[in-house]
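*Asks:* Got a sequence here, can you build the structure:
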Amino acid sequence: MAGKKKRASTAVGGALVPCRGSRGRTRDAASFPAPPSHVGMPSDYVATLNDIKNRIRSERVRVVMAANATMVLMYWEIGRIILARQATEGWGAKVIDRLSADLREEFPEMQGLSARNLKYMRKFADAWPDRAIVQRTVAQLPWRSNLALIEKLADPDERLWYARYTAENGWSREILELQIESGLHKRQGRAVNNFALTLPPADSDLTAQVFKDPYRQDRPGPRLAIAVGGRLACLLWLLLPPVGRGADRLSATGDSWPIARGDAALTGTTPARAPEQPVLRWQFNTQARVLASPVIHDGVVYVAASDGNVHALRLADGEPLWTFAAQAGIEAAPLLADGVLYVGDSDGNLHALEAATGQRRWVYAAEGQIMGGANCAPGTPPLILFGSYDYRLHAVIASSGELAWVYETGHYVNGIPAVGDGVALIGGCDEYVHVVRLTDGGLVSMIAAGSYVAASPALRDGQAYVGHYSGEVLGIDLAAGEVRWRFAAEGQPAFFASLAVTTTRVLAGGRHGILHCLARDTGQEIWQFQAQGDIDSSPVVARDRVLFGAGDGRLTMLRFTDGERLWSYLVGSPVTAGVAVVDGWLIAGATDGVIYAFGEAP
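*Replies:* Alright, predicted model coming up:
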């Protein structure tokens, strides 16, 4: 490993680095006197203050729920239009892609107009043909909860049952998915009392998710004000707090795998359906080793190779769409966020490429090679985070590549930073897991791992999970800043693969060739699977399937519940990168330079 590079004096340039000294009570030509003390206020002041606070909270909930209902109904109407044009004019994917581009050009401040979301609108309208049901029930739910309903439930009556229960009980999307998976409707019966249209509590999970729904604009521009309604738009502007973009939308779906570990929290999970009996549909030879996981979005596979070339391939048949030459080797996995592909190289350059064309928007130069991929953090503006061999975690502005802040560790940073709950987590060769604030890169806590951390950490429900070089998997309580449990694998094998973390289990593959399935709350082993080679390929959980590659060149699919092998395929060359899964497709790269695409039998 190369030594740490000397820092260049121009590294920060015109960066937006927080200046704490400028935050005060004065400004040029203005002053801001301190408010009067609470001492001496009228006896009813506190009660009046609380009444006003409660009024504001209630009004905020009413306004945001009304805005959400308006947006969801508009999505339904757009979906109906697309369905009608498909039936009468034969509209296909290319027309929707063109429609998305034109709408985004006309309404640049609006989110939710991507080709993928337009297809969701079409699917949403097809699933709910009755406008009255949409207006009365479905429009009361956040858009992401609606997507969960149409992705996970084919039966219209079951969908309506869960939609009503979600609205009545204020469920978050995560709770909704858990209730669907547990078959709640079978235990309680499908009959539902008359649905009362009332506002959810201000502190309910559903209300919180509507407030942070990435497709809802908190401060609408003039075009969105027309769509939402003038009075409502003004109320939104005045009452709603700013909500970040970027990482809130960075999660795997049925047709998207935007980051090497599926989502911003790096859980390695997806709601997508893996092929039941995968067959090889196509191959593409990059002519160099593939050490980075591919990403998939809107029917395109993006993969980087060790010769520095980034390839965009059509998912359906592997047809090359474009190639970008980085001029330096690439081991870091790409990240796709908001139509931009971010990829780092061995010279320390982070490239921002237009996903549609491969044209470079900007490049940011770190002072050491980039081995792990980037992640996207919410905020205004959104940030792109990545680690480097210059010992630092870098946060750059997504739109421009300007430096926002840096955080310095004690050694090389190999993995992808995990993002969630207002913090970023990184592990490194200094044997610590670092927790830093997304706002300014300030340190929250450092947790001693006990050995080198080469893989990426995963976040779920306020807990972090990571494996290290000396054969342990850790469950970390972030609130307490301490290790909650340790699982020690026999023989102390190195864990270089990142973990897959579901609501109940942790999947960890090591260089002893064993994939361990552990209980998430205790770290106790549930089952293990013995492969025939090192497992450096980070496992992926797709519904009830576990997929990974190994050093013997074999791809494997296991049953999640008990680790039973359901399928395997020998590509013949070591598979060290994680796989990517979207509905009906499994994509993997190997050290022979070939991208292997598996789907259902044609």
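*Asks:* Unless I misread the structure, Leu160 falls within a strand.
*Replies:* No: under DSSP: H, G, I helix; E, B strand; the rest coil, Leu160 sits outside any strand and is assigned helix.
*Asks:* For it, give me its contacts.
*Replies:* 133, 137 (C-beta atoms under 8 Å, 6 or more residues apart in numbering). From N, CA and C alone the C-beta is placed, and that goes for glycine too.
*Asks:* Could you number the chain from 865 rather than 1 from now on?
*Replies:* Noted, 865 is the first residue going forward, which turns the last one into Leu1024.
*Asks:* From Ala1328, how far out is it?
*Replies:* 38 Å (C-beta to C-beta, to the nearest Å).
*Asks:* how about the helices in the stretch 915-1064 of the chain?
*Replies:* 957-970, 979-991, 995-1000, 1007-1016, 1020-1033, 1037-1045, 1048-1052 (DSSP state H, counting those that start in this stretch).
*Asks:* weakest of those by average pLDDT?
*Replies:* Least confident of these, judged by mean pLDDT, is helix 1048-1052 with a mean of 73.
*Asks:* how long is stretch 1253-1269 end to end?
*Replies:* Distance across stretch 1253-1269, first residue to last, is 17 Å (C-alpha to C-alpha, to the nearest Å).
*Asks:* Okay, buried residues for that stretch please.
*Replies:* Across stretch 1253-1269, burial judged by 16 or more other C-beta atoms under 10 Å covers 1253-1262, 1265-1269.
*Asks:* Which one of those is nearest to Leu1371?
*Replies:* Using C-beta to C-beta, Leu1257 comes nearest to Leu1371 of the buried residues of stretch 1253-1269, at 25.7 Å.
*Asks:* quick one, what contacts the residue nearest to the closest one when sequence neighbours are not counted?
*Replies:* Distance criterion C-beta to C-beta, 6 or more residues apart in numbering; nearest residue to Leu1257, sequence neighbours excluded, is Tyr1271 at 4.4 Å. If you count contacts by C-beta under 8 Å, 6+ apart, Tyr1271 has them with 1256-1257, 1259, 1298, 1300, 1305-1307.
*Asks:* can you redo those residues as JSON lines with secondary structure and distance to Ile1123?
*Replies:* Shown next, in JSON lines, are those (DSSP: H, G, I helix; E, B strand; the rest coil; distance: C-beta to C-beta, whole Å):
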{"residue": "Arg1256", "secondary structure": "strand", "distance to Ile1123": "20"}
{"residue": "Leu1257", "secondary structure": "strand", "distance to Ile1123": "16"}
{"residue": "Ala1259", "secondary structure": "strand", "distance to Ile1123": "16"}
{"residue": "His1298", "secondary structure": "strand", "distance to Ile1123": "20"}
{"residue": "Val1300", "secondary structure": "strand", "distance to Ile1123": "19"}
{"residue": "Gly1305", "secondary structure": "coil", "distance to Ile1123": "21"}
{"residue": "Gly1306", "secondary structure": "coil", "distance to Ile1123": "24"}
{"residue": "Leu1307", "secondary structure": "strand", "distance to Ile1123": "24"}
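*Asks:* Report the helix or strand with the lowest average pLDDT across this structure.
*Replies:* helix 1086-1092 (a mean of 34; mean pLDDT, DSSP states H and E).
*Asks:* closest to His1376 among the contacts of Tyr1271?
*Replies:* His1298 (27.5 Å).
*Asks:* Could you check the pLDDT of that closest one?
*Replies:* Taking His1298 on its own, its pLDDT is 94.
*Asks:* got any ranges where the stretch 1315-1464 of the chain has weak pLDDT?
*Replies:* Scanning the stretch 1315-1464 of the chain for pLDDT under 70 picks out no residues.
*Asks:* tell me the contacts of Glu1272?
*Replies:* 1255-1256.
*Asks:* Just the pLDDT at it, thanks.
*Replies:* So, for Glu1272, pLDDT stands at 92.
*Asks:* What of the one 10 residues further on?
*Replies:* The predicted local distance difference test score for Ala1282 is 96.
*Asks:* Then Arg871?
*Replies:* For Arg871, the model assigns a pLDDT of 39.
*Asks:* Equivalent analysis for the one 3 residues further on, please.
*Replies:* The score at Thr874 is 32. That number is its pLDDT.
*Asks:* before we move on, back to that, between the contacts of Tyr1271, which sits nearest Val1143?
*Replies:* Leu1257 (41.6 Å).
*Asks:* Give me the distance between the closest one and Ala1201.
*Replies:* Taking C-beta to C-beta, one finds Leu1257 at 17 Å from Ala1201.
*Asks:* just so I know, which of the helices of the stretch 915-1064 of the chain lies nearest Asp1181?
*Replies:* Using C-beta to C-beta, the nearest of the helices of the stretch 915-1064 of the chain to Asp1181 is helix 957-970, at 13.6 Å.
*Asks:* Just list what that closest one packs against, helices and strands only.
*Replies:* helix 909-953, helix 979-991 (3 or more C-beta pairs under 8 Å, 6 or more residues apart in numbering; DSSP states H and E).
*Asks:* quick one: the shortest one to helix 957-970, angle?
*Replies:* Following axes from the mean of the first three to the mean of the last three C-alpha atoms, to 10 degrees, one obtains 110 degrees for the angle between helix 979-991 and helix 957-970.
*Asks:* Name the residues of helix 979-991 that come out as buried.
*Replies:* So, applying 16+ other C-beta under 10 Å, buried residues of helix 979-991: 979-989, 991.
*Asks:* As a check, name the ranges of all strands in the stretch 1115-1264 of the chain.
*Replies:* 1120-1121, 1133-1134, 1143-1149, 1159-1161, 1164-1168, 1173-1178, 1184-1189, 1199-1201, 1204-1208, 1213-1218, 1224-1229, 1239-1241, 1247-1251, 1256-1261 (DSSP state E, counting those that start in this stretch).
*Asks:* I'd like to know which of the ones you listed lies nearest to Glu1346.
*Replies:* Closest among those, once you apply C-beta to C-beta, is strand 1256-1261, at 21.5 Å.
*Asks:* Put the alpha carbons of that closest one into PDB.
*Replies:* What follows is strand 1256-1261 as a C-alpha-only set of coordinates in PDB (Å, rounded to 0.1, in the frame of the first residue of the first chain):
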ATOM      1  CA  ARG A1256     -10.300  10.900   4.700                       C
ATOM      2  CA  LEU A1257     -14.000  10.800   4.300                       C
ATOM      3  CA  HIS A1258     -14.900  13.400   1.600                       C
ATOM      4  CA  ALA A1259     -18.300  15.100   1.200                       C
ATOM      5  CA  VAL A1260     -18.700  17.000  -2.100                       C
ATOM      6  CA  ILE A1261     -21.800  18.800  -3.500                       C
END
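*Asks:* Adjacent strands (with direction) for it?
*Replies:* strand 1247-1251 (antiparallel), strand 1267-1272 (antiparallel) (DSSP bridges).
*Asks:* closest to Val1410 out of the ones you listed?
*Replies:* Closest among the strands paired with strand 1256-1261, using C-beta to C-beta: strand 1247-1251, at 27.0 Å.
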